[in-house]
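# Have a look at this fold, sequence not included:
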C-alpha cells in the first residue's frame, strides 16, 4: 500500500481535503517524503473529485446544514405526543434520585447506560418536563448527522456522505429512538465518533488521535454495553489491510488506554450477579431476527431497498480496485454485520437479541446503503468512479 507523507504547509491542505471542505489543489495530498513516512501511513485514498472551489464549499456546507436542521425538525415533531414510557420513567427516576441512591442502584445492577444517566442528571437541572427530558436525546441524535458526513467523506466521497446523512435523517428507527429518554441516541453518536477517530488514527497515528479514540470508545461502552461489538468490528476490519502498513505502536497504545478506562466496568462485571438485566429478553425467534432487520432498514417489504444497496456495496469488495478503497467497504460491512451475528449466536445460549440494542449498527447501515448506491451509479456511469 502506498504511504503518503504530509510536509510543511501541505498538511493543512490535505487535512481539509480529507474532510471534504477545501479549495486547495488535490496534488498537495500526494507529496511523498521519507521523513514522516512511518509516522503518517495513509490508509485511505483521496479522490481528486473531492476538490472544491469556494462555491462548492458553500453548496456542500449548505446541504449538510439543511440535512441537520431537517433531522432536528423531524425529531422535534410530536416529541410530547405520548407520555413517558416505563423505561423513560426509570431514567428520570435515576436522574432525580439522591447521589447516594444513584450510586447504590448502579452498583446493584444498572451499570449499563451509566454515562447517559450521569448526563441526564446534569441536564435535568434545566427542568424535568417531558419535552426537556427528551430534548437531550434529540440533540445527541441530530449531532450524529454531521458525524456521519465526515465518516462518509473519509470512506467514500462527498456525494455518498450526503446521501448517508439523508438516510440517517429520515431513518425510522433512529427517529423513534431519538424521541426517547434513553441512551441509544448517545451511544450511536459515540460509536460514530469513535469510528471517525479510528480512521484518523490509522491515517495519522498521533497521541491525540489515539487518546480521542480510546476515550470515545470507552464512553460508548459506558453508554451501552453493545458498543463493545462495534469496537471488536473495527479491529477485525484491520485483517483486510496489509499488516506492514498499519501503525501498530499507536494502535497498541490506544488499546491499552481504552482497557485502563474500562477497568471500572470490569470490576462491576466481576461483582454483579448473573442474570440481572436481560432475563426479560425473549428466546431467539425468526420474528426477532426480522425485527432487527427492519429496525436497521425500513419496515417489511421496503427493507428490500436497503438490502439491494447493501448487496451492491458488498459486490464492490470483489471488484478490482485499490486495497484502501476496498477496505472502506470492509470497514463498514464488519460494523454492520458482525454485532448482529454475534448477538444471534450468543442468543442461542442466553437470549440477548433486542432491536434497540443493535441500534449501534444504524450508522453502518446508512453508510453501507449510501456506498452501495455509489457503486451502482458508478457501474452505470464510469465517469462517477
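Received the coordinates, thanks. From a predicted model like this one, the values you see are computed outputs, not experimental measurements.
# use CA for all of it now, contacts and neighbours both
Noted.
# Tell me how many other residues surround residue 310.
Neighbours of residue 310 under the rule other CA atoms under 10 Å: 23.
# per-residue confidence for it?
At residue 310, the predicted lDDT confidence score is 93.
# do residue 362 as well
For residue 362, the predicted pLDDT is 97.
# can you check residue 258 too?
97.
# Which helix or which strand is home to it?
Using DSSP states H and E, residue 258 falls within helix 248-261.
# by contact count, what packs against that helix?
helix 207-223 (3 or more CA pairs under 8 Å, 6 or more residues apart in numbering; DSSP states H and E).
# looking at it, residue 169 is touching residue 67, isn't it?
Yes. The criterion here is CA atoms under 8 Å, and residue 169 meets it with residue 67 at 6.8 Å.
# residues bridging contact with these two, i.e. touching both?
residue 145 (CA atoms under 8 Å, 6 or more residues apart in numbering).
# The next helix or strand after the helix holding residue 258: which residues count as buried?
The element immediately downstream of helix 248-261 (helix or strand, assigned by DSSP H and E) is helix 263-271. For helix 263-271, burial by neighbour count (16 or more other CA atoms under 10 Å) applies to 265, 268.
# looking at it, residue 124 is touching residue 134, isn't it?
No. Residue 124 is beyond contact range of residue 134, at 10.4 Å (criterion: CA under 8 Å).
# pLDDT weak spots in the stretch 151-300 of the chain?
Scanning the stretch 151-300 of the chain for pLDDT under 70 picks out the ranges 273-276.
# Residue 97: neighbour count?
For residue 97, using other CA under 10 Å, the count is 12.
# cool, the one 10 residues further on as well?
The tally of other residues near residue 107 (other CA under 10 Å) stands at 14.
# Kindly report the same for residue 245.
Around residue 245 there are 16 residues (other CA under 10 Å).
# Over to it: give its phi and psi.
Dihedral pair for residue 245: phi -90, psi 0, per degrees, to the nearest 10.
# okay, residue 124 and residue 134: which has more neighbours?
When residue 124 and residue 134 are compared for neighbours, residue 134 comes out ahead with 23 against 16, by other CA under 10 Å.
# Test my guess that that one contacts residue 177.
No. Using CA under 8 Å as the test, residue 134 is too far from residue 177 to be in contact (10.0 Å).
# buried sites along the helix holding residue 258?
Neighbour-count burial for helix 248-261 [16+ other CA under 10 Å]: 250-251, 254-255, 257-258, 261.
# from the residues you listed, which is closest to residue 205?
Residue 205 lies nearest to residue 250 out of those, by CA to CA, at 5.6 Å.
# On the three-state scheme, the closest residue to that closest one other than its chain neighbours is what?
Leaving out its chain neighbours, the residue that sits closest to residue 250 by CA to CA, 6 or more residues apart in numbering is residue 205, at 5.6 Å. The three-state assignment at residue 205 reads coil, by DSSP: H, G, I helix; E, B strand; the rest coil.
# Tell me how far residue 205 lies from residue 71.
The gap separating residue 205 from residue 71 is 33 Å, by CA to CA, to the nearest Å.
# just residue 84 next, same as before
Distance of residue 84 to residue 71, given as CA to CA: 22 Å.
# More neighbours: those two, which one.
It is residue 71, of residue 84 and residue 71, that has more neighbours when counted by other CA under 10 Å, with 24 against 18.
# contacting residues around the residue nearest to that one when sequence neighbours are not counted?
Leaving aside its chain neighbours, residue 71 sits nearest to residue 169 (4.6 Å; criterion: CA to CA, 6+ apart). Contact analysis of residue 169 by CA under 8 Å, 6+ apart lists 67-68, 70-71, 142, 145, 175.
# With distance to residue 294 and secondary structure added, can I get those residues in CSV?
CSV is the format used below for the contacts of residue 169 (distance: CA to CA, whole Å; DSSP: H, G, I helix; E, B strand; the rest coil):
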residue, distance to residue 294, secondary structure
67, 23, helix
68, 24, helix
70, 23, helix
71, 20, helix
142, 21, helix
145, 21, helix
175, 14, helix
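# Going by neighbour count, which of those comes out on top?
Result: residue 145 is most packed of the contacts of residue 169 (other CA under 10 Å), 28 neighbours.
# doesn't residue 162 make contact with it?
No. Using CA under 8 Å, residue 145 makes no contact with residue 162, being 9.3 Å away.
# picking up where we left off before, between the buried residues of helix 248-261, which is nearest residue 190?
Among those, and counting by CA to CA, the member closest to residue 190 is residue 258, at 14.1 Å.
# Nearest residue to residue 230 in space, ignoring adjacent ones along the chain?
residue 335 (5.8 Å).
# my guess is residue 136 contacts residue 123, does it?
Yes. Between residue 136 and residue 123 there is a contact at 7.4 Å, judged by CA under 8 Å.
# Just want to know which of those two has more residues nearby.
Each of residue 136 and residue 123 has its neighbours counted (other CA under 10 Å); residue 136 has more, 23 against 16.
# What distance do you get for the more buried one to residue 225?
20 Å.
# what do you get for residue 173?
From residue 173 to residue 225 the distance is 19 Å (CA to CA).
# Those two: who's more crowded?
Set side by side, residue 173 and residue 225 show more neighbours around residue 173, with 19 against 16, by other CA under 10 Å.
# so who does that one touch?
Residue 173 neighbours (CA under 8 Å, 6+ apart): 295-296.
# Could you do residue 175 as well?
So residue 175 contacts 74-75, 169 (CA under 8 Å, 6+ apart).
# Over to residue 97?
By CA under 8 Å, 6+ apart, residue 97 has no neighbours at all.
# How much space separates it from residue 121?
In this view, residue 97 and residue 121 are 9 Å apart by CA to CA.
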